[in-house]
Structure formats: C-alpha cells, structure tokens
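*Asks:* Just to be clear, the model below is a prediction. Sequence and coordinates:
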Amino acid sequence: MAPLIHGDSRLELVSGKTIFEYADALKVRVPTSCGRSGECHECIVEVRQGIEALNAATAPEKFLRDNYRLACQAAVADPEADVEFDVLRRQPRILTQSIHRDVKLDPMTVRKGDYVYFGDRRIDSYRGQIYGLAIDVGTTTVVLNLVDLESGVVVHTASFENPQRFGGSDIMRRISYDGSDYQGELNQVMLSAINFEIGDMSRHLGFHRRRIYEIVIVGNATMRDIFFKIDVQSIGQKPYKSLVEHEMDRGERETTALSANASELGLRVFPQANVYSGPLIGCHIGSDVAADLLTIGMDEEEDVVMLIDVGTNTEVVVGNRHRLMAASCPAGPAFEGGEVTYGMPGYEGAVESVEIQGDGVTYTTIGGVKPDGICGSGLVDALAELRRTGLMSELGVFQDGL
C-alpha cells in the first residue's frame, strides 16, 4: 500500500478513508463546526500530491478549485498512489519586534468599579480581564495581537496563513472569485479561521473569549471589505475604489472607516464588542497602511520619509507632514516563488537571511533546517548584500555584466 503523507508523518492508505480520519490519527487539528457533513466549509486542505487518487469532488466542495478539498469529503479511492496533504493553517514567520511609539493609553472600553463601560455605556460586569484584539488581515498572512486594555501590554501574538488562498493567491483573483457563484465563501473561511484562533488563544491563556471587548482590524481594501461583507467587485475595476469610497465621494458618509458589532459579523467574542477598521488611503491602499503611518508618526515629520509595506500587495508612501503620496503594486508572486527557480513561501526550510563575506556566503533558514528554497525576506537580504558588496549595481547589473 502507498502512504498518506503529512509533513514527516506517513500512514498506510486505506480505500474509503477520509483525509479527516487520517488527520485524527496524526493528531492534526482541522477546523470544523458541522460534524463533518461538509456544510461549514472550514476543513479545507491542500492536496499537494495524489489528488487523482481521491474520490471525485462532492457537491459541498464545488466552491473549491485546483488541488483543494474538504478533509471530511476527500476519501481515498486508489490506495496504490501516494497522497500528501497539508492543512491551511501553516504558521508563517512574522516580525514580532518593532519600533515602539509612546502614546497615551486611551481605550474606548474601560473598567469603572465593578462594571465594564464602552464610552459612557455600561456593557458588562467586570470579570477579571478587559482585552482587545488587533488583527492584520493580509492577503497571505493573518496576524493577531491580544492586548490588555487596562495596561496596554500585548499579551499574546498569533499568526496563520490566510485560508482564502483557494480563491487565488493575489487580490485580483480573490475579487474575481468573490464575484462568482461562491460569493461569501472567502468571508466565511476567514471568519472561521479567526474564530478558531481566538478559541485557541483563550484556551491557551485560560480566559473566556467574551472578555474580548474591542477589535481593530486592518487590511488592504479588498481584504477589509470582504471581512465586513461588502461587495468588492468595484475594487477590481477602474477607478479601483471600494464601494465605501464611492459612498464617501457621493457625500453619503464622512469617512471610509467602518464599525460593527461582533455579533453582526459572526465573531465569537463579547457579542456587543465594537469591531473597528480605520480609513482607507485610496483604491487598493487600505487601512493597514493607515495604521503603518500612525505607527511611525509620518504625518508629524518635517523630513521626507519613505514607507514601504512589502507584502502580497505592496504599498509605498513618500512624504512628510505637508504632503504624502502613495502607490501600490502586486509583489506577492515574486516573494512566494513566482519566476524564482528556488522560490518558496516563508515556511520551515526557506532561506530567510543571507550574508556575503569575501568569497563566501552564509545563510540561515526558518527552523534551522536544511534549505528547501528561498523566501521573500531571503531574496531582499540577498539583493541588499549584492548591493552592499558592490557585486551588483543600482540598475541590477552584476559585475560580470549579466
């Protein structure tokens, strides 16, 4: 019999057995909330090898493309072929240390005696914690910071791969997918993933998820609007503006910032928790860049500053307190390995840093293991080292003229 493969683990294939059953045997956690009936669409897995050895896609899986399946629906049909799968919850490498800007702690949700207030409105009895959640919904990576709103301390940081990638690896493909017959699937899978992570961190830290009273979520215009259940088709067409931007242009709203109750969005925290997303800059440049600018205080600078947010969708802002100019471009394919012979995402085994010393090159990999390829941070490092050592000109020309 051929094996079923997950990471370094292997199990013997048995005809009729589902990938979910194999995940159980391997003690791999796969999100689900429907009792494995295929209704919740949460247990998406990537079949990296041997998809032809599985049964045909079932009706609940019609929203999936390429080599994605629901673990509860995908069953072994040919036990003689190798099958390899991966859960869409791989942990990317993220930056956890950065600059710190001193600002006065002034949360909307505060404790007053034995009660919790949001502004002037009493919303709950005080039960030991008042937490807030900051979420960056990136096209490729999602990051959450759990913040103690009484002290301002970041209590916990979590990250996971954006599970929407079955709808496409870049923004325009996500917009196209969300305009198909499966509109709403991208919102649902993101909501399920965030709720899963909230549940995981609450169990790990020993608090009730209803102690989260505020959420701030940022992302590019498409990611943010999908999360708030807003049609994103206008972002994919000239002039590439969100429906929220169009409403503001028509004088129907004063800001592109959004607010909603957690219960309206389906987030499993305190039901009346305020969910806020800052204003969009414009077109594809979203509230994540607005948060970047706020973090570094670029609006207070006299000197000209350049901010570069490198991601699947990359933004550049140049200026100072008198004037700011912004632009965006798709960069994700390059940093995920597109047109790069040994390119790969930032997972274990990816070269993440490079240093050139004399005639030698040293490098480190994520996880400290044997290199499988090079990820975006490794590529940026390599380019920086080539420039630093003069091996490559500012035009990208090597010393030997290549």
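*Replies:* That came in fine, so what should we check first?

*Asks:* Let me know the helix or strand that R127 is in.
*Replies:* Per DSSP states H and E: R127 is located in neither a helix nor a strand.

*Asks:* Show the contacting residues for the closest residue to it other than its chain neighbours.
*Replies:* Taking Cβ to Cβ, 6 or more residues apart in numbering, and ignoring the residues beside it in sequence, R127 has R211 as its nearest neighbour in space, at 6.4 Å. C-beta: built from backbone N, CA, C; applies to glycine. In this structure, R211 makes contact with 127-131, 270, judged by Cβ atoms under 8 Å, 6 or more residues apart in numbering.

*Asks:* Including pLDDT, could those go into CSV?
*Replies:* Supplementary listing: those in CSV, determined by pLDDT from 0 to 100:
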residue, pLDDT
R127, 93
G128, 92
Q129, 93
I130, 96
Y131, 97
F270, 96
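
*Asks:* Which one (most neighbours) among these?
*Replies:* Scoring the contacts of R211 on neighbours with other Cβ atoms under 10 Å, the highest-scoring entry is Y131 at 27 neighbours.

*Asks:* For it, give the beta-bridge partners.
*Replies:* Listed by DSSP bridges, the beta-bridge partners for Y131 are D148, I212.

*Asks:* Could you measure from it over to I215?
*Replies:* Note on Y131: its distance to I215, by Cβ to Cβ, to the nearest Å, is 10 Å.

*Asks:* just S328 next, same as before
*Replies:* Going from S328 to I215 by Cβ to Cβ gives 25 Å.

*Asks:* and if you look at D66?
*Replies:* Going from D66 to I215 by Cβ to Cβ gives 32 Å.

*Asks:* all helices of the chain, in order?
*Replies:* 19-26, 171-178, 185-205, 221-227, 243-249, 262-265, 287-296, 332-335, 376-388 (DSSP state H).

*Asks:* what's the closest non-adjacent residue to R111?
*Replies:* Using Cβ to Cβ, 6+ apart, the closest residue to R111 is Y126 (5.2 Å).

*Asks:* Give the burial count for that neighbour, as a bare number.
*Replies:* 15.

*Asks:* what sits against it?
*Replies:* Contact analysis of Y126 by Cβ under 8 Å, 6+ apart lists 111, 113-116.

*Asks:* Which ones among these map onto strands?
*Replies:* Counting by DSSP state E, those place 111, 115-116 in strands.

*Asks:* Which of those residues ranks first by neighbour count?
*Replies:* Across the ones in strands among the contacts of Y126, neighbour numbers were computed from other Cβ under 10 Å; V116 holds the maximum, 22 neighbours.

*Asks:* pretty sure that one is touching T109, no?
*Replies:* Yes: taking Cβ atoms under 8 Å as the definition, V116 is a contact partner of T109 at 6.4 Å.

*Asks:* Give the residues shared as contacts by these two.
*Replies:* In terms of Cβ under 8 Å, 6+ apart, V116 and T109 are both contacted by the residues 123, 130, 213.

*Asks:* burial measure for the residue nearest to C34 when sequence neighbours are not counted, as a count.
*Replies:* The shortest distance from C34 to any residue that is not its chain neighbour, by Cβ to Cβ, 6+ apart, is 3.7 Å, and that residue is C40. Other residues within reach of C40 by the criterion other Cβ under 10 Å amount to 18.

*Asks:* just the one 5 residues further on next, same as before
*Replies:* V45 is surrounded by 26 other residues when neighbours are defined as other Cβ under 10 Å.

*Asks:* Give me the pLDDT for it.
*Replies:* For V45, the model assigns a pLDDT of 88.

*Asks:* which residues does it bridge with?
*Replies:* Beta-bridge partners recorded for V45 (DSSP bridges): R69, V87.
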